[in-house]
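S.K.: Got a sequence here, can you build the structure:
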Amino acid sequence: MLFGLMPLIKMIILIVNAIAILSEDRFLARIGWAAQQPEPAFGSGQDMSIKGKIVNLISATRLLARIPLIVINSVIIIYELLLG
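M.R.: Predicted coordinates:
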């Protein structure tokens, strides 16, 4: 087997880290992917574009994964130092 479970976990954590550190002011706004609050309307959530869904996913990842990522990164660093 070429890949084990730990390299796969590390790859997923690195991707989530990359999403979590994207700066909305410096990077996302420059390419037009800043989170925009749509005006609330009946049924406005169903016809959201792919770009809007990706922007919402990035915003949710940045908001919800911040504290768990600190803990997971610390565990991976300790694991690499001890068993690396």
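S.K.: Which strand or helix spans the nearest residue to residue 28 once chain neighbours are set aside?
M.R.: Counting by CB to CB, 6 or more residues apart in numbering, residue 28 lies nearest to residue 34, which is 5.1 Å off, once chain neighbours are set aside. All C-beta spots, glycine's among them, are computed from the backbone N, C-alpha and C. Residue 34 belongs to no helix or strand when elements are defined using DSSP states H and E.
S.K.: Spit out the contact partners of residue 34.
M.R.: 24-25, 28, 55 (CB atoms under 8 Å, 6 or more residues apart in numbering).
S.K.: How confident is the prediction for it, by pLDDT?
M.R.: With respect to pLDDT, residue 34 scores 73.
S.K.: same check, this time on residue 50
M.R.: For residue 50, pLDDT reads 84.
S.K.: Renumber starting at 58 from here on
M.R.: Happy to do that; since the first residue is 58 now, the last one works out to residue 107.
S.K.: separation between it and residue 71?
M.R.: According to CB to CB, to the nearest Å, residue 107 stands 24 Å off from residue 71.
S.K.: same thing with residue 113?
M.R.: Residue 113 sits 22 Å away from residue 71, going by CB to CB.
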